[in-house]
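1. quick one: sequence and predicted model below, then my questions.
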Amino acid sequence: MRVLIVEDEVRIAHNIATALREGSGFAVDCADNGADGATLSAQGHYDLMLLDLMLPGLDGMGIVRQVRARGDSTPILVLTARSEREKVVELLNAGADDYLTKPFDLGELLARVKALIRRGKGVAHPLITFGRLRVNTIEQTVRCADLLVDLSPTEYRIFEYLIFRPRAIVSKRELLEHLYDYRWEHHSNVIEAHVSNLRKKLRAMGEEATVETIRGRGYRLFAPESPQ
Amino acid sequence: MKSRSLTHRLIAGVLLAEFLCAALFSAVAITHEMHGRRRAFDVMLRGRADSLMGAVQDAEDPEDNVMVDPTELSLPSEDAYAVATPAGHVLGSSPKSSPELLAALESPHKEGYFNFAIGDKQYRAIRTPGMRVIDREEKTGALRIPVTVLYAAPTAHLWHEAVEAVSFYMATGALLLALTALALVWLLRRWLAPLHELAERASHVSVQAWEFVPPEAALHTRELEPMASSIQKLLAGLQQSFERQRQFTGDAAHELKTSIAVLKSSLQLLSLRQRTAEEYESGIEGVLVDTQRMEELTERMLALARLEEAPSKSQESVDLSSVVQAVAERLRPVAELRQVLLGTAVQDSSRVALSLDDAEILCSNLILNALQHSAGGSHVMASVENQTGIVALMVEDHGEGILAEALPHVFDRFYRADASRSRNSGGAGLGLAMCKAIAERCGGSIEIVSIPGTGTRVRVILPASTTNKDIFSDA
């Protein structure tokens, strides 16, 4: 998953980014002002945007309005040191999905980020099932008939991204954009290798569902006898 | 204390005055009337006494006696009279003659008019000596008989008549009193309406609602205008200072919350999972830096709050040139570190009405700002110039400048033109706000001119101080 953080207090941005990268293996981009944040948000790579309300130049509210005006439905979590009710109401009405007041609890922030990403993908439960496969997005584990599938962090992230949209074709570029930060071009040749490993590991568990490669278009999670 | 109505007191006061006037007028009128009537009464008494005199006639007896026969006179029955000889022999008296009347007759002192009482009735009497000449044909010459005539008539009716005569005026007075009272109530209510309106308007002012617009009527009333406008000014001032305080509290809370968020997230990040000793060490170092920054922020906020209070009454003054030179000397290591050339150009005796502390904050903030925004190898110039009545401090750099859209906000509290940079360099966005507060505190002004890519020039104009008390000496 790829998250955009727009926060002028660089230390806070850094702390959140580190927590997201370390804990959940998210790809994180940071911007320290509204204008840069708005530019980055327009690229459409993000599974969640985390905005500070008070920013130099364009503020968080402005970015929320811009994002929603584009028809972009990426979940938005707003951080604010102000706790005025009217401001919060205005923010949510402008299209933000949730807000946290500073000083926030980092654990709570991470939980909210994950919940919002799930919701953004149309999934409410942190446990996602696909045939015999069960993905726990909190523990970041994949089980096949109660047996743990031993996946590397990147393999897990690819699988998690695919299982949020089962049977849909996801391009390699989309995978790259959503799993890596702005340096994703450097990783373009590793996706095939990771998908291939993932496929092998699933097959080794005797799992029929697999990650198909659709030439020229991308990948999709596929089960032969249409489970679910 | 019980509250009293101004209107009621005014009405009561005027009515009381009117009532007293009416009473006095009535009393004077009655007295005057009584006086006139008493004179008429006296004339009447004398007339009756004279006619009684006429009734003294020859008794037709050999002893040359006289007698009184009032039967031919039509004298009022309630009158009392007596005629006596000087020897005290009563020649005749009214049917109702009383001992008091006879006593008055005998009293030698009562001559002319006098008052006395018969029973409980008041009488006024005249006692007059007379001479009755009786012409007797059979004798030679006329017979001269001295007599004393006492004639009294009751005076009770006098009072009644006087009151009756005056009662018309009294009734008119009472009616006028009632009419003027009504008119007064109406007029006073009208005239005092601006006062009521002002009080009403003022009573709506509360901590939540500062709005106070004095009523037009009060502003057009000479006695109320100073009060109305001073209330308005006072409230506007209070509201402004309250707003400023609120804004400051809000800003301060925002900054402190952000600082705490930095600390908290840094610590929570450290405790998210087991880490190596090096990671913990660098984490603790980061937290220490954060704490240091928070401490500085708090100090600067308190300093700014102090500066934005009412101007000090102290008579301190300081030589700005010396301060600029001292501060420049102190900041030279910073300049060298950044490889910026720091120069000063000052004039002697540039006294301004600032405390040494404030002058140092002003100069060091401006020079430090210039140094921080200058590229290596460029110049920063701090100069002090004496002009008539003013001292101009100018700090000029050739750094990256400030964007036009940021320029109007640079003096705002907590404003950072370049967020990431100044946050990282530790500024809280209070430096220029403090400079502005210092300049304005002593009646000066501050202005900033900046061209992006060319540089920035800050100019502080301060009134020259006339006091010569030496606070700062560069010795």
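-> Cool, got the structure.
2. give the buried residues for the helix or strand harbouring residue B:149.
-> Per DSSP states H and E: residue B:149 is located in strand B:142-154. By neighbour count on 16 or more other Cβ atoms under 10 Å in any protein chain shown, the buried set for strand B:142-154 is B:145, B:147, B:148, B:149, B:150, B:151, B:152, B:153, B:154. C-beta: built from backbone N, CA, C; applies to glycine.
3. cool, and stretch B:169-177?
-> The neighbour-count check on stretch B:169-177 (16+ other Cβ under 10 Å) flags B:170, B:173 as buried.
4. same thing with stretch B:376-396?
-> For stretch B:376-396, burial by neighbour count (16+ other Cβ under 10 Å) applies to B:378, B:380-386, B:391-396.
5. hey, where'd the strands end up in the chain?
-> Defaulting to chain A. Along chain A, counting by DSSP state E, strands occupy A:2-6, A:27-31, A:48-52, A:76-80, A:98-101, A:127-130, A:133-136, A:141-144, A:147-149, A:210-214, A:218-222.
6. chain B, not that one
-> Counting by DSSP E, the strands of chain B are B:56-58, B:66-68, B:80-84, B:90-93, B:112-118, B:121-135, B:142-154, B:318-319, B:341-345, B:351-352, B:379-387, B:390-397, B:445-451, B:455-463.
7. distance to chain A and mean pLDDT for those - can I get that in a markdown table?
-> Below are those laid out as a markdown table (distance: least, Cβ to the nearest Cβ, whole Å; pLDDT from 0 to 100):
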| stretch | distance to chain A | mean pLDDT |
| --- | --- | --- |
| strand B:56-58 | 118 | 72 |
| strand B:66-68 | 116 | 71 |
| strand B:80-84 | 104 | 82 |
| strand B:90-93 | 111 | 77 |
| strand B:112-118 | 95 | 81 |
| strand B:121-135 | 92 | 81 |
| strand B:142-154 | 96 | 81 |
| strand B:318-319 | 35 | 89 |
| strand B:341-345 | 28 | 90 |
| strand B:351-352 | 33 | 88 |
| strand B:379-387 | 25 | 90 |
| strand B:390-397 | 21 | 91 |
| strand B:445-451 | 16 | 90 |
| strand B:455-463 | 18 | 91 |
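8. where in the chain is pLDDT low?
-> Here I'm looking at chain A. A:83, A:184-185, A:225-228 (pLDDT under 70).
9. actually chain B
-> By pLDDT under 70, the weakly predicted segments of chain B are B:1, B:58-66, B:70, B:96-97, B:105-110, B:135-141, B:310-314, B:416-428, B:467-475.
10. can you list the domains in it?
-> B:6-162, B:225-305, B:314-463 (automatic domain parsing).
11. winner for burial among these?
-> Ranked by mean neighbour count, the domains of chain B are led by domain B:314-463 with a mean of 19 (mean count of other Cβ atoms under 10 Å in any protein chain shown).
12. figure out how far it is from the centre of its chain.
-> 47 Å (Cα atoms, centre = their mean, to the nearest Å).
13. same check, this time on stretch A:156-174
-> On Cα atoms, centre = their mean, the centre of stretch A:156-174 falls 11 Å from the chain's centre.
14. list the buried ones in it?
-> A:156, A:157, A:158, A:159, A:160, A:161, A:162, A:163, A:164, A:166, A:170.
15. end to end on that stretch, go ahead and measure it.
-> From its first residue to its last, stretch A:156-174 covers 16 Å (Cα to Cα, to the nearest Å).
16. skipping its backbone neighbours, what lies nearest residue A:224 in space?
-> residue A:208 (5.6 Å; Cβ to Cβ, 6 or more residues apart in numbering or on different chains).
17. and that neighbour, how many neighbours?
-> 15 (other Cβ atoms under 10 Å in any protein chain shown).
18. residue A:14 now?
-> For residue A:14, using other Cβ under 10 Å, the count is 19.
19. ok so, going back, for the domains of chain B, give me a markdown table that also has distance to residue A:17.
-> Output for these, formatted as a markdown table (distance: least, Cβ to Cβ, whole Å):
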| stretch | distance to residue A:17 |
| --- | --- |
| domain B:6-162 | 71 |
| domain B:225-305 | 10 |
| domain B:314-463 | 14 |
